[in-house]
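Student: next input, structure requested:
(one chain, ligands or ions: 2)
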Amino acid sequence: MDGGVKQHKMTNMAMRCKRKFYPPKLPTTSIVIVFHNEAWTTLLRTVWSVINRSPRTLLKEIILVDDASERDYLGKKLENYVATLPVKTFVLRTEKRSGLIRARLLGAKHVAGEVITFLDAHCECTEGWLEPLLARIVQNRRTVVCPIIDVISDETFEYVTASDQTWGGFNWKLNFRWYRVPQREMERRNNDRTAPLRTPTMAGGLFSIDKKYFYEIGSYDEGMDIWGGENLEMSFRIWQCGGILEIIPCSHVGHVFRDKSPYTFPGGVAKIVLHNAARVAEVWLDEWRDFYYAMSTGARKASAGDVSERKDLRTRLKCKSFRWYLENIYPESLMPLDYYYLGEIRNSETQTCLDTMGRKYGEKIGVSYCHGLGGNQVFAYTKRQQIMSDDLCLDASNANGPVNMVRCHNMGGNQEWVYDSDDKTIKHVNTGNCLQRSTRDDPTTPLLKPCDYSKGQKWLMQTKFKWQAAH
Ligand code: UD2
Ligand code: MN
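Tutor: Ligands and ions are numbered 1, 2, ... in the order given. All right, here's what the predicted structure looks like:
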């Protein structure tokens, strides 16, 4: 039954998308596909879907950028093959492994079309995917547009349509994440699910951008290696520097999501990803970079390298602050706009600290020896009166007993706490009870109890986290 209803709705959406009017004169686009050791079949599935499902008049060329692959078939065989295709297609090669960011920059240099469309090398474009993207850029050349990214199974390669109700966000670790589109954005679109969706961030792999605008706004950060971070960097940059970032629900492209990267990260995954993320934090996050650095010693140790050019770019383009971004583009962000405190929360009697213990949704908050290393012991006390750690908020549904960590909903309710900086209590608004030290029976679980203002109910928010980069 449910499936039937869903099916009906989807057909309805597809029909409404089909009925949309697009300007007769759309710009041409070049497709840039970078790859490192991609499989032949998935690469060709991407290329053929572009050829078969894009109006020939709009498709300038397909540019394949081989990022120093080691597979034989990606050499001469690929070049011979693409020479036979009905659409101009050519292969560029980076001299040495450059990473996807610099490989895309190489591809972009050769673009002859008016718009650059980037795709990963394991995609399938669907009928009608291109027109709605290009139409949006015609209306405003500072709009950067993404299709809905459908899911191609990495086991069966079947195509599964993704939800049109998710947008891009990020957590304190600066990982890109999908979240549900808030009511606010639905209302801005008059509840029309086919209307362009303003997304705080993009996944990064699939988007179209006006070629001139791509360079005006600073293309990519060439200091980023291999993989990661460039999608958030570009998202913040677009919004903060006067552009618009959208998901276009009438455009669908499938992508093979894989559990693990199929290729190597020279020097180590963590080192590369943390280096790229540090560059994002240093250039774009202002004081909110503290949230990122609070999450791990790895993040604090990684070097961002020289970011002065990117900071100059930010100044030159007169970009707005991260506060502006949080206020206007992403008020639902996990990084709170206003907060009183970011740091450890220490019990005054036991001298132990609140600790998520690495637990997940719905589990109990714990306490343990205060290690001062951030991570599981860093909490923000926000102006919305949440006590939060990344996407988890302290949540009490029981007036007497343990307190759970629940996904923050920003609606008060069981997630509202008042910290009294005079008597040092953490009072739960809904029940009026106080957070208390753990007992001997269960030494790692603090409890909610009627307030008695004893020492075991006093908590210190005294060690603020404020990161000073070394240099
Ligand atoms: C997502 C993006 C991806 C990129 C990444 C963050 C989607 C669907 N995918 O991860 O485009 O933004 O987040 O950086 O939004 N590649 C190279 N050289 C390398 C490494 C990768 O050319 O050294 C190619 C790779 O073959 C692929 C593309 O870059 O075509 C993206 O890499 P991925 O598919 O491993 O990234 P993904 O989808 O996990
Ligand atoms: Mn991919």
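Student: quick one, what contacts the most centrally placed residue in the chain?
Tutor: Centre of the chain computed as the mean C-alpha position; nearest residue by Cα atoms, centre = their mean is residue 176, 2.3 Å away. Residue 176 sits next to 168, 169, 170, 201, 203, 204, 231, 232 when contact means Cβ atoms under 8 Å, 6 or more residues apart in numbering. Using the backbone N, CA and C atoms, a C-beta is placed for each residue, glycine as well.
Student: restrict those to contacts with ligand 1.
Tutor: 203, 204, 231 (Cβ under 6 Å from any ligand atom).
Student: in a strand, that's where the first one is, yeah?
Tutor: Same thing as residue 203. No - using DSSP: H, G, I helix; E, B strand; the rest coil, the assignment for residue 203 is coil, not a strand.
Student: that one touches residue 146, doesn't it?
Tutor: Yes - using Cβ atoms under 8 Å, residue 203 is in contact with residue 146, at 7.1 Å.
Student: how about whatever residue of the stretch 301-450 of the chain ends up closest to ligand 1, nearest residue that isn't a chain neighbour?
Tutor: Residue nearest to ligand 1 within the stretch 301-450 of the chain: residue 302 (16.0 Å; Cβ to the nearest ligand atom). Leaving aside its sequence neighbours, residue 302 sits nearest to residue 274 (Cβ to Cβ, 6 or more residues apart in numbering; 3.6 Å).
Student: which secondary structure state does the one you found sit in?
Tutor: Following three-state DSSP, we place residue 274 in the helix state.
Student: any figure for the gap between it and ligand 1?
Tutor: Distance of residue 274 to ligand 1, computed by Cβ to the nearest ligand atom, to the nearest Å: 13 Å.
Student: count of neighbours near that residue?
Tutor: Residue 274: 25 surrounding residues under other Cβ atoms under 10 Å.
Student: which stretches of this protein have low pLDDT?
Tutor: 1-10, 469-471 (pLDDT under 70).
Student: swap in 80 and give it another go.
Tutor: Along the chain, the parts satisfying pLDDT under 80 run over 1-11, 468-471.
Student: per-domain residue ranges of it.
Tutor: Here the domain assignment for the chain is 20-256, 339-461, based on automatic domain parsing.
Student: do a quick rundown of the helices in the stretch 251-400 of the chain.
Tutor: 269-284, 289-294, 297-301, 308-316, 322-328 (DSSP state H, counting those that start in this stretch).
Student: including distance to residue 415, could the ones you listed go into a markdown table?
Tutor: Shown next, in a markdown table, are the helices of the stretch 251-400 of the chain (distance: least, Cβ to Cβ, whole Å):
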| stretch | distance to residue 415 |
| --- | --- |
| helix 269-284 | 27 |
| helix 289-294 | 18 |
| helix 297-301 | 26 |
| helix 308-316 | 35 |
| helix 322-328 | 19 |
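Student: winner for burial among these?
Tutor: Mean neighbours per residue, mean count of other Cβ atoms under 10 Å, is largest over these for helix 289-294, with a mean of 24.
Student: list the contacts for residue 89?
Tutor: 47, 61, 62, 63, 64, 82, 83.
Student: roughly how far does the nearest residue in space to the third one that is not next to it in sequence sit from residue 48?
Tutor: Which is residue 62. Nearest non-adjacent residue to residue 62, counting by Cβ to Cβ, 6+ apart: residue 89, 4.2 Å away. Noted for residue 89: a distance of 11 Å to residue 48, by Cβ to Cβ, to the nearest Å.
Student: got it, and residue 383?
Tutor: Residue 383 is 52 Å from residue 48, by Cβ to Cβ.
Student: these two: which is more packed in?
Tutor: residue 48 (14 against 11).
Student: what helix or strand is the more buried one located in?
Tutor: Residue 48 is part of helix 40-53 when elements are defined by DSSP states H and E.
Student: tell me where the stretch 351-471 of the chain has strands.
Tutor: Counting by DSSP state E, counting those that start in this stretch, one finds strands in the stretch 351-471 of the chain at the ranges 352-355, 366-369, 379-382, 387-389, 392-395, 401-402, 404-407, 417-419, 426-428, 434-436, 447-449, 459-464.
Student: longest strand anywhere in the protein?
Tutor: Looking across the chain with DSSP state E, the single longest strand is strand 244-256.
Student: list the strands paired with that strand, with their directions.
Tutor: Applying DSSP bridges, strand 244-256 is found paired with strand 123-125 (antiparallel), strand 143-152 (parallel), strand 197-198 (antiparallel).
Student: can I get that strand in CSV? Just the C-alpha atoms.
Tutor: Output of strand 244-256 as CSV, limited to C-alpha atoms (Å, rounded to 0.1, in the frame of the first residue of the first chain):
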residue,chain,number,x,y,z
ILE,A,244,23.3,30.7,-4.5
LEU,A,245,23.5,26.9,-4.1
GLU,A,246,20.6,24.8,-5.1
ILE,A,247,19.4,21.3,-5.5
ILE,A,248,17.1,21.0,-8.5
PRO,A,249,14.4,18.4,-7.8
CYS,A,250,13.5,17.9,-11.4
SER,A,251,17.0,16.8,-12.3
HIS,A,252,18.1,13.3,-11.3
VAL,A,253,21.5,11.7,-11.6
GLY,A,254,22.4,8.4,-10.1
HIS,A,255,25.7,7.8,-8.3
VAL,A,256,27.3,4.6,-7.0
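Student: those residues of this protein touching ligand 1, which are they?
Tutor: Those residues of the chain that sit near ligand 1, judged by Cβ under 6 Å from any ligand atom, are 34-36, 38, 67, 97, 99-100, 103, 120-121, 149, 203-206, 226-228, 230-231, 255, 261, 263.
Student: got a list of what residue 34 touches?
Tutor: Residue 34 touches 64, 65, 67, 100, 103, 104, 107, 118, 121, counting by Cβ under 8 Å, 6+ apart.
Student: what's the closest non-adjacent residue to the fourth one?
Tutor: Ranked by Cβ to Cβ, 6+ apart and with sequence neighbours excluded, the top spatial neighbour of residue 100 is residue 34, at 5.3 Å.
Student: quick one: which of the contacts of residue 34 is nearest residue 424?
Tutor: Within those, proximity to residue 424 (Cβ to Cβ) peaks at residue 100, which comes in at 49.6 Å.
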